[in-house]
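A.B. asks: Have a look; sequence and predicted model below, questions after that.
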Amino acid sequence: MTLRGVCAVIGVERSKLAAQLKTRLVLAACAAGPFVFAVAMRVQSNVPADTLFGRSVTESGLAVPLVVLGFAALWVFPAVASVVGGDLFSAEDRYGTWATLLTRSCTRAELFAGKVLTALGFSLLAAVVLAASSVAAGLLVIGGQPLIDLSGVLLPPRQALVRVALAWASALPSAVGFSALAVLASVATRSSAPGIGLPVVIALTMQLYALVDGPEAIRRSLITSGFGAWHGLLAEPSYYGPIADGAIVSGLYLVVCLAIAYRMLQHRDIGG
Amino acid sequence: MPLALEAVGVSKRYGDRDALYDVDLVVRPGELHGLLGPNGAGKTTLMRVLLGLVRPDAGTVHLLGRHVESADRRVPDGVAGFVETPAFYPYLSGRKNLALLARLDGEGRDAGSGAGVNDALDAVGLSAQADHLASGYSAGMRQRLGLAAALMRSPRLLFLDEPTSSLDPAGARDVRALARRLADAGAAVVLSSHDMSEIEELCATLTFINQGCVAFSGTIDAVRALAPPRVHALHTSDDRAALGLARHRPGISAAPVAGGGLEVCGHDAVLDEYVIALGCAAIAVRTLESRTRSLESLFLQITGNADAAEVRTARAEAASGVRVPAVMS
């Protein structure tokens, strides 16, 4: 496996994604969605009071990205990770193009690495677009007022913005973990429907498990545990243990899922 | 001169069925080698093994002197081809598809406008449709695009699986001419086809595969020597008398055909004597038409039944330089 080969695959995958409507739609939704939410909050009297920072969305624009982050953790991250990660491998089965790819000068390892990096990159790009759009929407539509954190401390706008950015960054490992899960589903099933659907279903199942009174060890081993770890960043004093735990769990999911997927692809016979 | 392709003892098993069993194949540079066999014989599986798409259970494959079952399973430079109807991304144009494949071959980002892509499109007559979406391509156009994708690798060993199956006669002729030009330039071409006249016209050597085994491998001339007598359709002025005459001549078998005429089987020399005898007997020959070509006769015999295989094996024992394994007898 060479770096040049991996970069060539990434370039090809990026060109393919750029030519597909679904990826443009996802990015457009990530860019526009927070603005729609912020405008809706501004023009209506009700606020999402049962959501963290939901009561503050009309008082500080910096609450908007945190509410969006809470929602994204439920649905958006797993779905966005699946749209590309869950389809990048199985699309070759759907179009019958594995033989076309594998009769060029790139190895299976290079193809795997290039596709995985593309999938992870897209997840991160979508998360960054969503985060940037949420912050921009909050500041432009609601305003840059100070934010009251979970301990009731008033955070100046600059400090709040840093905490918001760190909160979004803390969710990225879990988003990457879901991308790896989607890649595994895509490689294992060779079908885009489970590739895209399974990670979302798994995310929902994990979220539901978090609501029941199950063993703590299992709860902490769920990939979704990292999505709520940012709460510690907006408390006084801040605590980082859940973020570290979430990153470790996501890392384990990443390594295990990709190792299994890689082995499957390497040993696969490309038939008709 | 080193071999372009050398496969030794290649076997592949799916469940309890041998898709390939102990297959040997040798192709030299500049050689057009035909791969023949009935549906399900293992031709496509063999092509997939040779291109590294399917891992064999046993055996070794060397392409252009390089062992393909090395750790990275990279198809060596100079090796190209496609298996079955080539597939492309339907949401991209033909040109864009080729440009992406060129990038995987190490070309730069602007490969789509490069000479390699344009030359390949010109060579297969697809330049006019190159900027159309591949989703609108017919099977024949996809075959042309597959051939263009192969040509971009400047092949010294080219695998073509049924390359003319979806083409119109003019397109098929162009592809045959292209294959011949490549071979004349020193490339080895392995051509899988059901069209026996195509193989007979193009290839100097061929391999018959049946039930996953090599049933025959050798030159076209060797095939002709091994081929069973051709079957001819004969219409005369007096079919009954012609049939009676045939029954008294050794080496000729004849049978009446529903609707008139006879079906006559015999080697060319014996058949010539029979036709002369008909004339001497004042029986006019109105038509004498070959029903099968020599290659087709052998194909039908090899793939037909055990008795035929025994005949072939017995004949093969007298032939030199021809491999006819016992598994078919």
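C.D. replies: Thanks, I have it.

A.B. asks: Tell me the first helix or strand C-terminal of the top helix by length along chain A.
C.D. replies: In chain A, taking DSSP state H as the definition, the longest helix is helix A:157-189. Next in sequence after helix A:157-189, counting helices and strands by DSSP states H and E, comes helix A:192-211.

A.B. asks: Please compute how far that following helix lies from its chain's middle.
C.D. replies: Using CA atoms, centre = their mean, to the nearest Å, the mean C-alpha position of helix A:192-211 is found 13 Å from that of the whole chain.

A.B. asks: That helix vs helix A:157-189, what angle?
C.D. replies: 130 degrees (axes from the mean of the first three to the mean of the last three CA atoms, to 10 degrees).

A.B. asks: Packing partners of the longest helix of chain A?
C.D. replies: Where contact means 3 or more CB pairs under 8 Å, 6 or more residues apart in numbering or on different chains; DSSP states H and E, helix A:157-189 is packed against helix A:63-71, helix A:77-85, helix A:90-95, helix A:108-137, strand A:147-148, helix A:192-211, helix A:241-266. Bear in mind the C-beta positions are built from the backbone N, C-alpha and C, glycine included.

A.B. asks: most neighbours per residue, which of these?
C.D. replies: helix A:77-85 (a mean of 29; mean count of other CB atoms under 10 Å in any protein chain shown).

A.B. asks: In stretch B:246-260, which residues are buried?
C.D. replies: By neighbour count on 16 or more other CB atoms under 10 Å in any protein chain shown, the buried set for stretch B:246-260 is B:Ala246, B:Ile252, B:Ala254.

A.B. asks: go on, stretch B:100-109?
C.D. replies: Of the residues in stretch B:100-109, those buried (16+ other CB under 10 Å) are B:Leu100, B:Leu101, B:Ala102, B:Arg103, B:Leu104, B:Asp105, B:Glu107.

A.B. asks: Let's verify the third one: helix, strand, or coil?
C.D. replies: Assigned by DSSP: H, G, I helix; E, B strand; the rest coil, the conformation of B:Ala102 is helix.

A.B. asks: Next: the last one.
C.D. replies: Assigned with three-state DSSP, B:Glu107 falls in the coil class.

A.B. asks: what about the closest residue to B:Gly65 other than its chain neighbours, which helix or strand?
C.D. replies: Spatial nearest neighbour of B:Gly65, excluding adjacent residues (CB to CB, 6 or more residues apart in numbering or on different chains): B:Pro2 at 5.0 Å. Following DSSP H and E, one finds B:Pro2 outside all helices and strands.

A.B. asks: where does the stretch 101-250 of chain A dip in pLDDT?
C.D. replies: Judged by pLDDT under 70, the stretch 101-250 of chain A has no weakly predicted residues.

A.B. asks: residue boundaries of the strands in the stretch 101-250 of chain B?
C.D. replies: B:157-161, B:188-192, B:205-210, B:213-219, B:230-236 (DSSP state E, counting those that start in this stretch).

A.B. asks: Can you report how many residues neighbour the closest residue to chain A within the stretch 201-329 of chain B?
C.D. replies: Relative to chain A, the nearest point of the stretch 201-329 of chain B is B:Gly212 (14.9 Å; CB to the nearest CB). B:Gly212 has 25 neighbouring residues, counting by other CB atoms under 10 Å in any protein chain shown.

A.B. asks: for the nearest residue in space to it that is not next to it in sequence, what are its contacts?
C.D. replies: Distance criterion CB to CB, 6+ apart; nearest residue to B:Gly212, sequence neighbours excluded, is B:Gly42 at 4.2 Å. Residues near B:Gly42 by CB atoms under 8 Å, 6 or more residues apart in numbering or on different chains: B:Ala19, B:Leu20, B:Val23, B:Ile209, B:Gln211, B:Gly212, B:Cys213.

A.B. asks: again, only using 6 Å
C.D. replies: Residues in contact with B:Gly42, defined by CB atoms under 6 Å, 6 or more residues apart in numbering or on different chains, are B:Ala19, B:Leu20, B:Ile209, B:Gly212.

A.B. asks: Need the three-state assignment for the first one.
C.D. replies: I take that to be B:Ala19. B:Ala19 - assigned by three-state DSSP - is strand.

A.B. asks: and the longest helix for chain B?
C.D. replies: helix B:169-184.

A.B. asks: can the helices and strands packed on helix A:157-189 go into JSON lines with extra columns for distance to B:Ser192?
C.D. replies: Below are the helices and strands packed on helix A:157-189 laid out as JSON lines (distance: least, CB to CB, whole Å):
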{"stretch": "helix A:63-71", "distance to B:Ser192": "55"}
{"stretch": "helix A:77-85", "distance to B:Ser192": "36"}
{"stretch": "helix A:90-95", "distance to B:Ser192": "22"}
{"stretch": "helix A:108-137", "distance to B:Ser192": "24"}
{"stretch": "strand A:147-148", "distance to B:Ser192": "69"}
{"stretch": "helix A:192-211", "distance to B:Ser192": "31"}
{"stretch": "helix A:241-266", "distance to B:Ser192": "26"}
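
A.B. asks: Can you convert those into JSON lines and add a column each for distance to chain B?
C.D. replies: Below are the helices and strands packed on helix A:157-189 laid out as JSON lines (distance: least, CB to the nearest CB, whole Å):
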{"stretch": "helix A:63-71", "distance to chain B": "31"}
{"stretch": "helix A:77-85", "distance to chain B": "15"}
{"stretch": "helix A:90-95", "distance to chain B": "6"}
{"stretch": "helix A:108-137", "distance to chain B": "6"}
{"stretch": "strand A:147-148", "distance to chain B": "44"}
{"stretch": "helix A:192-211", "distance to chain B": "14"}
{"stretch": "helix A:241-266", "distance to chain B": "8"}
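
A.B. asks: Of all the residues in stretch B:261-270, which ones are buried?
C.D. replies: Result for stretch B:261-270 [16+ other CB under 10 Å]: buried residues B:Gly261, B:Leu262, B:Val264, B:Cys265, B:Gly266, B:Val270.

A.B. asks: Going by distance to A:Gly86, which of those residues wins?
C.D. replies: A:Gly86 lies nearest to B:Cys265 out of those, by CB to CB, at 61.3 Å.

A.B. asks: what bridges to that closest one?
C.D. replies: B:Val231, B:Ser253 (DSSP bridges).

A.B. asks: I'd assumed B:Ser253 was in contact with it.
C.D. replies: Yes. Between B:Cys265 and B:Ser253 a contact is recorded at 4.8 Å, counting by CB atoms under 6 Å.

A.B. asks: Can you lay out the strands of the stretch 101-250 of chain B as JSON lines showing mean neighbour count and distance to A:Val80?
C.D. replies: Below are the strands of the stretch 101-250 of chain B laid out as JSON lines (neighbours: other CB atoms under 10 Å in any protein chain shown; distance: least, CB to CB, whole Å):
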{"stretch": "strand B:157-161", "mean neighbour count": "26", "distance to A:Val80": "39"}
{"stretch": "strand B:188-192", "mean neighbour count": "25", "distance to A:Val80": "44"}
{"stretch": "strand B:205-210", "mean neighbour count": "24", "distance to A:Val80": "48"}
{"stretch": "strand B:213-219", "mean neighbour count": "22", "distance to A:Val80": "51"}
{"stretch": "strand B:230-236", "mean neighbour count": "19", "distance to A:Val80": "66"}
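
A.B. asks: Out of the ones you listed, which gets nearest to A:Leu234?
C.D. replies: Of all the strands of the stretch 101-250 of chain B, strand B:157-161 comes closest under CB to CB, at 61.2 Å.

A.B. asks: is that closest one up against chain A anywhere?
C.D. replies: No. Strand B:157-161 is not in contact with chain A by CB under 6 Å from any CB of the partner chain; minimum separation 8.4 Å.

A.B. asks: which residues touch that strand?
C.D. replies: So strand B:157-161 is contacted by B:4-5, B:47, B:63-64, B:79-81, B:83-84, B:150, B:187-192 (CB under 6 Å, 6+ apart).
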